[in-house]
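Q: give me coordinates for this.
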Amino acid sequence: MKIKLSEDKKTEFTGKLISLFQDEFDLDLSEFRAGEVLQLCTDVLCPAIYNQAVQDVRDYMQTKLDDLDGEIYVDP
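A: Below is the predicted model of the structure:
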């Protein structure tokens, strides 16, 4: 699954990357290079984070389903 960011989010994140590189690493990052770093992150990191989030939700839901009998069972 390819993650697509809106133009507003791309602009926002690119600006944050430029600030990060300037403040933390004392490097001037052009908008083009910041865009490339952002693209790399969305291509590599975002799918892994998304998959982990889906797995976390699946595990949570499975725990709730496993406990369903205990939640709704009524002694006759």
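Q: show me the helices in the protein, by range?
A: Here the chain has its helices, by DSSP state H, at 7-25, 31-66, 68-72.
Q: now render those helices as CSV, adding mean pLDDT and mean neighbour count.
A: (Glycine included, C-beta is placed from N, CA and C.) Shown next, in CSV, are these (pLDDT from 0 to 100; neighbours: other CB atoms under 10 Å):
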stretch, mean pLDDT, mean neighbour count
helix 7-25, 97, 13
helix 31-66, 94, 12
helix 68-72, 73, 8
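Q: may I have stretch 13-28 as CSV, with CA atoms only?
A: Extracted in CSV, the C-alpha atoms of stretch 13-28 (Å, rounded to 0.1, in the frame of the first residue of the first chain):
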residue,chain,number,x,y,z
PHE,A,13,6.4,18.0,6.9
THR,A,14,9.0,19.4,4.4
GLY,A,15,9.2,22.6,6.5
LYS,A,16,9.6,20.5,9.7
LEU,A,17,12.4,18.5,8.1
ILE,A,18,14.2,21.7,7.0
SER,A,19,13.9,23.1,10.5
LEU,A,20,15.1,19.8,12.0
PHE,A,21,18.2,19.6,9.9
GLN,A,22,19.0,23.2,10.5
ASP,A,23,18.4,23.1,14.3
GLU,A,24,19.8,19.7,15.1
PHE,A,25,22.5,19.1,12.5
ASP,A,26,23.4,22.6,11.4
LEU,A,27,22.7,21.6,7.8
ASP,A,28,20.8,23.6,5.2
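Q: touching it from outside, list them.
A: Contact with stretch 13-28 is made by 5, 29, 31, 34-35, 37-38, as judged by CB atoms under 8 Å, 6 or more residues apart in numbering.
Q: quick check: the farthest pair among those?
A: L5 and L29 (17.8 Å; CB to CB).
Q: what about those two, which has more around it?
A: Counted by other CB atoms under 10 Å, L5 and L29 do not tie: L29 has more neighbours, with 18 against 15.
Q: mind listing what that one touches?
A: L29 touches 17-18, 21-22, 37, counting by CB under 8 Å, 6+ apart.
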